[in-house]
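Q: the amino acid sequence is not available; the structure is as follows:
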């Protein structure tokens, strides 16, 4: 059936046909040897074949209804009916998970179509080859267009090509992995062998480093240098032995000699900002002190609440115990001639009670009570005693 002369553009030589068969699977190609060629089909044969196919498709709903009446709808699913030109033979393709007893169905089909019936069970890929049309790429399904041998496709191919592992994106009309993942699998596997594995030590023109990632198609390797921690992309051709690779000298710092480099200044700024920030425990202790003072009827400033430690409520460091409270001194009020009255915090502390107003008395008493309760011990007693002596 091949033309021995391959001079014209439409002819196909026997060598080209054999090469196509070999590329399509060779011995696995679905050859048929139970027929013979009578003649070349003419226009009448083609028109008759089209009408036979249309009549057969119109009978598909009747066959599905018969399957439901016989109670076989849950066990099998009709895929396609395929007649021959002479209408002497009809092939019924169906899907089934288990063995099905369809003897009654075969007898019904033989009476309806008056021909020999052949039941053929197919898989999901064969179903797509029979009834599918277009794929997500916009082209005809490979299994229906040109692919003759349907070989299994593994998830390893998708992982090697770093394709999306979402089943909805890498699955075809048949619900299995797309056949096109197998087309470039050999190329990807060959290119991947040239790349080093992750976390291996390699040499680069800028010094040795550790491999972080790699790109198969562009043959690039992402390397973290050991000298300064930079990440550089290096072609696989430029990789070398890490012990014999040239070490690039560090670039001079343009800010050297000007009181510290820019990197060091940025690090110092970040440290100062972290010191200024209050920790969560300090903020909680501050809010707790303010709420306690409000419940007692007194007032406390934010500075007083921030100066108390979370454990004791006394000012001091976080590591050591409570330190002695620092008494606040009132600012000395100067008179017109520059003298400071004794009752306003001058050297004569005994005049505070006389100089204070009536409104300051209850406030001082509440302050002394808070100091006695929170201070405790010698520190609190000494502070309270000093106030009472001054008053």
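A: Perfect, thanks for sending it. This structure is a prediction, so every number in the text was calculated from the model and none was measured.
Q: quick one: residue 42 and residue 48, what's the gap?
A: Per C-beta to C-beta, to the nearest Å, residue 42 is found 10 Å from residue 48. Placement of C-beta: from N, CA and C, glycine included.
Q: who has more neighbours, those two?
A: For residue 42 and residue 48, the more surrounded residue by other C-beta atoms under 10 Å is residue 48, and the numbers stand at 13 against 8.
Q: which stretches of the stretch 151-300 of the chain have low pLDDT?
A: 248-264, 275-280, 297-300 (pLDDT under 70).
Q: would you list every one of the helices in it?
A: Using DSSP state H, counting those that start in this stretch, the helices of the stretch 151-300 of the chain run over residues 155-160, 167-170, 185-193, 262-276, 280-296.
Q: show me the beta-bridge partners of residue 81.
A: residue 92 (DSSP bridges).
Q: from memory it sits against residue 87, does it?
A: No: Residue 81 is beyond contact range of residue 87, at 11.9 Å (criterion: C-beta atoms under 8 Å).
Q: ok, these two, which is more surrounded?
A: residue 81 (18 against 14).
Q: can you pull the pLDDT of the more buried one?
A: For residue 81, the model assigns a pLDDT of 93.
Q: swap in residue 385?
A: Reported pLDDT for residue 385: 43.
Q: just residue 90 next, same as before
A: Confidence score, pLDDT, at residue 90: 93.
Q: residue 148 now?
A: Value for residue 148, per-residue pLDDT: 77.
Q: kindly report the same for residue 38.
A: 86.
Q: got the contact list for stretch 164-175?
A: With contacts defined as C-beta atoms under 8 Å, 6 or more residues apart in numbering, stretch 164-175 is touched by 124-125, 127-128, 132, 135, 141, 143, 155, 158-159, 163, 177-179, 181.
Q: ok, 10 Å please
A: 123-129, 131-136, 141-144, 150, 153, 155, 157-159, 161, 163, 176-181 (C-beta atoms under 10 Å, 6 or more residues apart in numbering).
Q: straight-line length of that stretch, end to end?
A: Distance between the two ends of stretch 164-175: 16 Å, counting by C-alpha to C-alpha, to the nearest Å.
Q: now do the buried residues in that stretch.
A: 170, 172, 173, 174 (16 or more other C-beta atoms under 10 Å).
Q: okay, the residues you listed in TSV with distance to residue 235 next?
A: Below are the buried residues of stretch 164-175 laid out as TSV (distance: C-beta to C-beta, whole Å):
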residue	distance to residue 235
170	30
172	36
173	40
174	40
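Q: which single one of those residues is nearest to residue 281?
A: residue 170 (50.9 Å; C-beta to C-beta).
Q: what sits against the nearest residue to the closest one once chain neighbours are set aside?
A: In space, not counting the residues next to it along the chain, residue 170 is nearest to residue 158; the distance is 5.4 Å by C-beta to C-beta, 6 or more residues apart in numbering. Shown in contact with residue 158 (C-beta under 10 Å, 6+ apart): 164, 165, 166, 169, 170, 177, 178, 181, 185.
Q: report the two of those residues separated the most.
A: 166 and 185 (19.0 Å).
Q: for residue 95, give me phi and psi.
A: phi -110, psi 140 (degrees, to the nearest 10).
Q: contact partners for it?
A: Contacts of residue 95 (C-beta under 10 Å, 6+ apart): 75, 76, 77, 78, 79, 121, 122, 123, 124, 126, 127.
Q: take those and keep only those in strands.
A: 76, 77, 78, 79, 121 (DSSP state E).
Q: which of the residues you listed are buried?
A: Applying 16+ other C-beta under 10 Å to those flags 76, 78, 79 as buried.
Q: now those as a markdown table including distance to residue 114?
A: Converted to a markdown table, these look like this (distance: C-beta to C-beta, whole Å):
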| residue | distance to residue 114 |
| --- | --- |
| 76 | 23 |
| 78 | 19 |
| 79 | 22 |
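Q: from those residues, which is closest to residue 101?
A: residue 76 (10.1 Å).
Q: quick check: beta-bridge partners of that closest one?
A: In beta-bridge terms (that is, DSSP bridges), residue 76 pairs with residue 96.
Q: residue 87 should be in a helix, yeah?
A: No: Residue 87 sits outside any helix when classified using DSSP: H, G, I helix; E, B strand; the rest coil, being coil.
Q: what's the pLDDT at it?
A: 88.
Q: and what of residue 119?
A: In this prediction, residue 119 has a pLDDT value of 92.
Q: for it, what is the enclosing helix or strand?
A: strand 116-121 (DSSP states H and E).
Q: partners of that strand in the sheet?
A: strand 89-96 (parallel).
Q: helix or strand right after the partner strand?
A: Immediately after strand 89-96, counting by DSSP H and E, sits helix 103-113.
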